[in-house]
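**Student:** how does the following fold in three dimensions:
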Amino acid sequence: IDCIGQTDVVTHQPISTPYIYDLPFMLRNYSSILVIGSGGGIDVSRGLHASPRVIGVEINPLVIEEALQLTGNASPYRVPGAETVIAEGRGFVESSSELYDMIVISLIKRYGGVGIKDFIFLENYLYTVEAYASYLEHLTPEGILIVRDQTKWTDRFLPSLIAAVQRAGGDPAKNMMIIRGSISSVLIAKNSPFTLAERTRIHLLASIPKTKVYSPKNDPVKSASVITDNNPFIWRVSASQEQERFLRGQGWAAVRDWWLMLAITLAALLLVYIPQRKRGLMAPSVFLGSIGVGYIILQLMFIHKFT
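**Tutor:** Okay, the predicted model is just below:
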């Protein structure tokens, strides 16, 4: 759905065997929980076990309709205390004057193009440093922000979240905790330091195999690692930092690949030149070929760099 997004349509049931994503909901009880990108309702269901009020914000009304149709009265959205809002998540937060005891943003890939090369240049404004700042501003004094995803994605989100905490005057070493698994991880941030009781509770809950709990250091974050509204996140399956710099048109990686693109272009023109010269069609072929090559270069490089 919505490019490559997917969601689990669930019924509201007790948490049987806790998974790493369940742990923040088991930390304590919350006065209210806001779920950004509630989808099929799995985080709404988790939240209802920890709070009397859960607000699920979903941008696609068809997802909610399908979830209700498939699960009927067993849907988390029909449980007393659950509220549904059809809106874009970040926009809803920034337009709201309410403070929430927990804000959850989990596995939201709807604006991405993971695995689909035609969409790798789509931006995502839910994970920028400005977005994190908005989420933190809408927390209660002891409220927590939860960012959950596969570990390879949380590793990319982490520098921006650290930068947001630092810009708000917080110390990531005191105001953040990370539950890192081999496949999935959870980033937890507060506007105030975690208490000893909270840290002890999180360590106790996360005592499962191949999982570690720690806090990031309060070191300066490299600006190149921070996702901003002016340079939003680029979804890709996997890429080295050198490839990312190329995608952003930066560094020697870009220079090297420019030469590669030039070599491919010259080779293509040469292949066209040999047969077309004998037919007297060289000039039109070069003209049309140059337009095509120029369009590709502008589309993949310049348009992305300057927008």
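**Student:** residues near Thr200, how many?
**Tutor:** Around Thr200 there are 11 other residues, counting by other CB atoms under 10 Å. Backbone N, C-alpha and C define where each C-beta goes, glycine included.
**Student:** how about the host helix or strand of it: buried residues?
**Tutor:** Taking DSSP states H and E as the criterion, Thr200 maps to helix 196-205. Of the residues in helix 196-205, Glu198, Arg201, Ile202, Leu205 count as buried by neighbour count, 16 or more other CB atoms under 10 Å.
**Student:** now do stretch 83-102
**Tutor:** When neighbours are counted by 16+ other CB under 10 Å, the buried residues of stretch 83-102 are found to be Thr84, Val85, Glu88, Gly89, Arg90, Phe92, Val93, Ser96, Tyr100, Asp101, Met102.
**Student:** farthest-apart pair in these, please.
**Tutor:** Based on CB to CB, the longest span within these runs between Glu88 and Asp101 and measures 22.0 Å.
**Student:** show me where the stretch 151-300 of the chain has its helices.
**Tutor:** For the stretch 151-300 of the chain, the helices defined by DSSP state H, counting those that start in this stretch cover 151-167, 172-175, 196-205, 241-247, 251-279, 282-297.
**Student:** so for Val293, what's the pLDDT?
**Tutor:** According to the prediction, Val293 has pLDDT 68.
**Student:** repeat for Ile274
**Tutor:** For Ile274, the model assigns a pLDDT of 63.
**Student:** the one 10 residues further on too?
**Tutor:** The predicted structure scores Pro284 at 66 on the pLDDT scale.
**Student:** dump stretch 154-164 to PDB, keeping only the CA atoms.
**Tutor:** Extracted in PDB, the C-alpha atoms of stretch 154-164 (Å, rounded to 0.1, in the frame of the first residue of the first chain):
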ATOM      1  CA  THR A 154      17.000   3.000  13.500                       C
ATOM      2  CA  ASP A 155      20.800   3.300  13.000                       C
ATOM      3  CA  ARG A 156      20.000   6.000  10.400                       C
ATOM      4  CA  PHE A 157      17.400   7.700  12.500                       C
ATOM      5  CA  LEU A 158      19.500   7.800  15.600                       C
ATOM      6  CA  PRO A 159      21.800  10.800  14.800                       C
ATOM      7  CA  SER A 160      18.800  13.000  14.000                       C
ATOM      8  CA  LEU A 161      17.000  12.100  17.200                       C
ATOM      9  CA  ILE A 162      20.200  12.800  19.200                       C
ATOM     10  CA  ALA A 163      20.500  16.200  17.500                       C
ATOM     11  CA  ALA A 164      16.900  17.000  18.300                       C
END
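**Student:** begin at 3, not 1, for the rest of this chat.
**Tutor:** Shifting the count to begin at 3 puts that one at stretch 156-166.
**Student:** tell me the mean pLDDT over that stretch?
**Tutor:** The pLDDT scores in stretch 156-166 average 93.
**Student:** what's the neighbour count on the closest residue to Glu90 other than its chain neighbours?
**Tutor:** By the measure of CB to CB, 6 or more residues apart in numbering, the closest residue to Glu90 outside its immediate chain neighbours is Ile61, 5.1 Å from it. Taking other CB under 10 Å as the criterion, the count of residues near Ile61 is 21.
**Student:** thinking again about what came up before, and the helix holding Thr202, what does it pack against?
**Tutor:** Based on contacts counted as 3 or more CB pairs under 8 Å, 6 or more residues apart in numbering; DSSP states H and E, the elements that helix 198-207 packs against are strand 178-183.
**Student:** quick one: mean pLDDT for the strand it packs on?
**Tutor:** Strand 178-183 carries an average pLDDT of 94.
**Student:** stretch 67-82 now?
**Tutor:** Across stretch 67-82, the average pLDDT comes to 93.
**Student:** residues contacting that stretch, please?
**Tutor:** With CB atoms under 8 Å, 6 or more residues apart in numbering as the contact definition, stretch 67-82 has outside contacts at 11-14, 41-44, 46-47, 50, 56, 58, 66, 84, 86.
**Student:** which of the residues you listed sits closest to Ile229?
**Tutor:** The shortest distance between Ile229 and any of these, using CB to CB, involves Gly41 and amounts to 22.2 Å.
**Student:** relative to His140, how far out is the closest residue to the closest one other than its chain neighbours?
**Tutor:** Residue nearest to Gly41 in three dimensions, not counting chain neighbours: Thr9, with 3.1 Å by CB to CB, 6+ apart. For Thr9, the distance to His140 equals 23 Å [CB to CB, to the nearest Å].
**Student:** so these two - more neighbours on which side?
**Tutor:** Each of Thr9 and His140 has its neighbours counted (other CB under 10 Å); Thr9 has more, 23 against 19.
**Student:** my guess is that one meets Val65, correct?
**Tutor:** Yes - Thr9 sits in contact with Val65 when judged by CB atoms under 8 Å, with a separation of 6.3 Å.
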